[in-house]
Structures are given as C-alpha cells and as structure tokens.
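> Quick check, what structure comes out for this input:
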Amino acid sequence: MFRYINKIENTREKKFFIEKANLFIKLINVFAQKNNLVASGVNSGVYGDTIKRLKELEIFESNSEDEQKKLLKVLKEPLYSEFISAVNYNLKHHILIGDLLNNIDPRKRKIIQEKSKKKTGPKTIDFFCGAGGLSLGFSQEGFQIDLANDYEDVCIETFKYNHPEVPDNRVILGDIREIVDNLENYIVNDIDVVIGGPPCQGFSSANQQRIIDDPRNELYKYYLKAIEKITPKIVVMENVKGMLPYALQVVEDYKNISVKKGNKTYSYSVDYKVLVSSDFGVAQKRQRLIFIAIRNDISEKRKITPSDIIEEIESGYRKNRDHVLRDALEFIKPLDAPRIKNMTEVDDEITGKKVDVNQFEGNESSYLKLINEGRKIDYVFNHKARYTNDINYEIYGTLEQGEDGTSEKIKHVMPYKHRNHIFKDKYFKLVEDKPSRTITAHLKMDCHSHIHPRQVRSITPREAARIQSFPDDYVFLGAYLKTYMQIGNAVPPVMAREIAKVLKKYII
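Sure, this is the predicted structure:
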C-alpha cells in the first residue's frame, strides 16, 4: 500500500503516500478515541523498533539516515512527527489494535492473500473496475479476483485498499488496450468469469452506424477482444440504460466471437436486461443494462441459457426486502454543512471526518445488515459534509422533500431560474420514504441534486456510498470531490452480489 520512500518518483506517488500516512494517523487516533486511550504525546523518536515497523510497512528498505531524511522531506512537519508517533503507538498497542490496520499493512495483506490462494472460488477478471463495487459483490460470493484494471489512479488506490485479498501487482493502472495487446504478460490462470463496464459513448441513430465502429467506442471493442483472447466461461457486461436501443448490436458482436483452442471451438450466446437496483434491496432506483454471455460448452453442459440466468436473477430478487432512502441515512452521525470554503479536507466534530468512530453498531437495521453483511462496524469513513454557500444554504433549508428548482419558495434566490426548463432538477431535495434517485458521478461537480431530506446540506460521500450499498468500512481514497466520482460510477455491490450468487451455481 505504501511505497518505499526512496522509490517515490513523481507527484502522484507522493500525493498517495501522504494520503496513506494521514489515513494511518487517523486510524490510530480513532482507535485511541474509541478505547479511551491517549494517542497524543507518544514519542516521535525513530528507534530500532520504529525502523523495523517502517520496513514492515514497506516504507524503509534499510535503516539509513537518508531514508529518514527523505521521509521528513515528503511528509514535512508536523505530519512527519504525527506519523512517527502513530507508528510508535501502533507498536505499543499492536495487540489491542488487532485487524484495524490490515488493509494498509503489507504483512497482513500477504497473510490474507495466502488464505485467498487456498480458496477454490471461480477466477474473475474485472476490466474498468473503478472503485471496485462489481468486484466486491463477486468476492462476497466467493469469486476470486485474479486481475483488476482501470485507467483512473484514484480508483486503483481505492480498489487496492479495499481488496487486500488481491496482490498489488494484480491491480493494474493502465489502458486496457495495452493490457489486451499483451495479455500473455498478465493472464497466468484459466479465467472463469470476465466482468466490467466498458464506456460506450458513440450511440449511433437508427442503426446507421454500428456502435462498435464508432471511434469513441474503441474501449468496448477492446473489451470484446479481451473476451476472445481469454474465452471465459461467462461474461457480465454492464452499462447505462441509454445503451438499450443498441443492445442488439452488442448481441451480434458476442455471437460473432468464435475461438478455436485445441480441438474445440468456443462461441457465446448472450442476452440482456435492464435491472433496477431497488429490486435487489438497494435503497436507490438505479437502472443498469446487464449483458450475460455464456460459452457454448458451459451452456450445453449445464443446460442453461443467458435468458435462464437472467430469469433466475429476477426470481431471486423478488424475495428481497424493499428499502428506501431513510434506511440508508439512519444510524449515522448528523452533520452541519461547512460554511467556510476549502474545509472539505479538514476534520471536525460538527461537519464530519474522513475517519470517525461509529456511534452505532453498523447493523441496526435490515438495510445496514444487508450492506455490512451483519458485521459490527466500529468506524465510519468518508462521512464529511460539503461546503454550502449562503444562497444554497437558504435553498436547501427552504425546499420540502420532493421539491426542485422550480419551487416558488426559492424563486427569489434561485440562481438558475432563467434556465429552469433545462435545470429544473439542478436542485432537488431527496424523498426519504422512497428509494433514492440515482447516485451519479456528477456529484463531484455539485450535490444540489441530492439534498439531504432532513438536514440542511447535501449528502456526504458516505451517505452516497450507503445508498449505493457499499459497506460502512469501504474506504474511498483520493481528494474529497473524487470520492463522489468513484461512488457515482460504481455498480451497487449488493446488486453485483445477487448476480454472482446465481452465476456461481453454473461454474463450480
């Protein structure tokens, strides 16, 4: 998770190193707070045990003074002293701290990976993995993520942190085109399932131009190329509902796949359906177009078609309990919006923190039990309110649930009233007794479309993550606004889990 201090080569690596050092400190501080132990005042001296621990964290390679100087240069004071104090505190209380640092500790991650190797779950590759929502749902059902890839560095860092079972060198930052063209350098195992959501932007009209032929859809083309090379047993491809008019073109592309390996020729049958996350018990009405493709030999052996799979997924979710927005927003600390600019990265008790003690247990309701898998969650992450200026604060406080920017109540302050025909839902106060409207990546720009139903602020990244069905201990790394982007682009893990549950029966 960390990088050897002498091997930091650029600003990006330095930025993530500093963020992880900050996260380490925050984890230690919330542990101390929860257990009524003093975290401050711990000696910030670098001793033999300190150096040993820094080696375990893969920050130091030796005990040289040069490395200490470089660490000081990267972190600077007072962060440097705070980090060394946290490391020494970790040494002092390592037994009590237990598993808290597992995801950031290379030793613990290697233990988790060794245990994962012994499992026999279906091997999976996740292209365009993003922050890891699709992978999380599949791994929760026992699938082993063999390789994950994305081109967004912040998504890769988030994925790595939350998937310690996947070796760092199997989570690849890079262009899918480079990977697919050199697939032999990456694929070391037979792959059962390929999952992913390739971006498709060039929607043609009236079938005048095939979607695959539009230059903007080259990434989709490479996803298909990866399928041809890997020939997995099953493929899951997800995309926006707007792709539905061109779904038959995608079906045609999959049916054109024909791969000869040895004395066998592999082909695929495929079907698709728009699935709605609220049907799976997620507290959000999010529509996604899901394609299921099955290799011919698996289809024949299991006597199953993609249509059968989709029907089984649908029959399964009919048993799920419905949840509404209120279920996602309950049992979490109420917050005030910061009224001063540039405070989103500053922790405090009133506006929230990157890491905080969970005042509740994490499984108080059926929804929290669902997203947290019944686990007791001691800490909550990314629950920090967003800055709100005076005009927006008045709008947020005036609107009733379900009202938008066309409300007469805010006519006197509405900054976009001359464009209400375009931006009528630029402002929208969420309705708590219905599933939430879709969480989107646009939240990184502003959150006016997702105003909290009861508090005078927009929703926090953690609340957005809950609405998406991420567990409370899923940490989103990166700058504050980029956390919204990662959450908004993700597939709800609970939805992914239900799909994986059905697929697993026909692979094992």
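> So Q113 belongs to a helix, correct?
Yes: counting by DSSP: H, G, I helix; E, B strand; the rest coil, one finds Q113 located in a helix.
> got the contact list for it?
164-167 (Cβ atoms under 8 Å, 6 or more residues apart in numbering). Heads up, the C-betas are built off the backbone N, CA and C, glycines and all.
> any idea how far it lies from V276?
Distance from Q113 to V276, counting by Cβ to Cβ, to the nearest Å: 35 Å.
> swap in H383?
27 Å.
> ok, back up a step: of the contacts of Q113 - the most surrounded one?
Each of the contacts of Q113 was scored for neighbours by other Cβ atoms under 10 Å, and V166 scores highest at 25 neighbours.
> So that residue sits against A148, correct?
Yes: at 6.5 Å, V166 and A148 qualify as touching, with contact defined as Cβ atoms under 8 Å.
> from memory P493 sits against A131, does it?
No: assessed by Cβ under 8 Å, P493 is found out of contact with A131, at 10.1 Å.
> So those two - more neighbours on which side?
The neighbour comparison of P493 against A131 (other Cβ under 10 Å) goes to A131, with 34 against 27.
> Show me the strands in the stretch 1-150 of the chain, by range?
For the stretch 1-150 of the chain, the strands defined by DSSP state E, counting those that start in this stretch cover 123-127, 144-150.
> and the longest one, what does it pack onto?
When contacts are defined as 3 or more Cβ pairs under 8 Å, 6 or more residues apart in numbering; DSSP states H and E, strand 144-150 sits against strand 123-127, helix 133-140, helix 153-162, strand 171-173.
> now for those, which one comes closest to D214?
strand 123-127 (19.0 Å; Cβ to Cβ).
> Pairing partners for the strand of greatest length in the chain, with directions?
Ranked by number of residues, the top strand in the chain under DSSP state E is strand 264-276. Strand 264-276 has the following strand partners under DSSP bridges: strand 258-261 (antiparallel), strand 287-295 (antiparallel).
> H383 and V276 - which one has more neighbours?
Neighbours per residue (other Cβ under 10 Å) separate H383 from V276, with H383 holding more: 22 against 17.
> In JSON lines: the contacts of Q113, plus secondary structure and pLDDT.
Formatted as JSON lines, the contacts of Q113 follow (DSSP: H, G, I helix; E, B strand; the rest coil; pLDDT from 0 to 100):
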{"residue": "P164", "secondary structure": "coil", "pLDDT": "97"}
{"residue": "E165", "secondary structure": "coil", "pLDDT": "97"}
{"residue": "V166", "secondary structure": "coil", "pLDDT": "97"}
{"residue": "P167", "secondary structure": "coil", "pLDDT": "96"}
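> sorry, back to before: go ahead and measure how far the longest strand of the chain is from the middle of the chain.
Its chain's C-alpha centre lies 25 Å from the corresponding centre of strand 264-276 when counted by Cα atoms, centre = their mean, to the nearest Å.
> And stretch 350-359, by the same measure?
20 Å.
> Please apply the same query to stretch 20-30.
Centroid separation for stretch 20-30 versus its chain: 20 Å, with Cα atoms, centre = their mean.
> So which residues make contact with it?
Defining contact as Cβ under 8 Å, 6+ apart, one finds that stretch 20-30 is touched by 1-2, 39, 75, 79, 82-83, 86-87, 89-90, 97, 100-101, 104, 347, 353-357, 379, 475, 477.
> do stretch 255-272 as well
Against stretch 255-272 from outside (Cβ under 8 Å, 6+ apart): 224, 227-228, 231, 235, 247, 250-251, 254, 289-297, 299, 305-307, 309-310.
> Most distant residue from the centre of this protein?
Here the centre of the chain is the reference, and by Cα atoms, centre = their mean the most remote residue is N263, at 40.8 Å.
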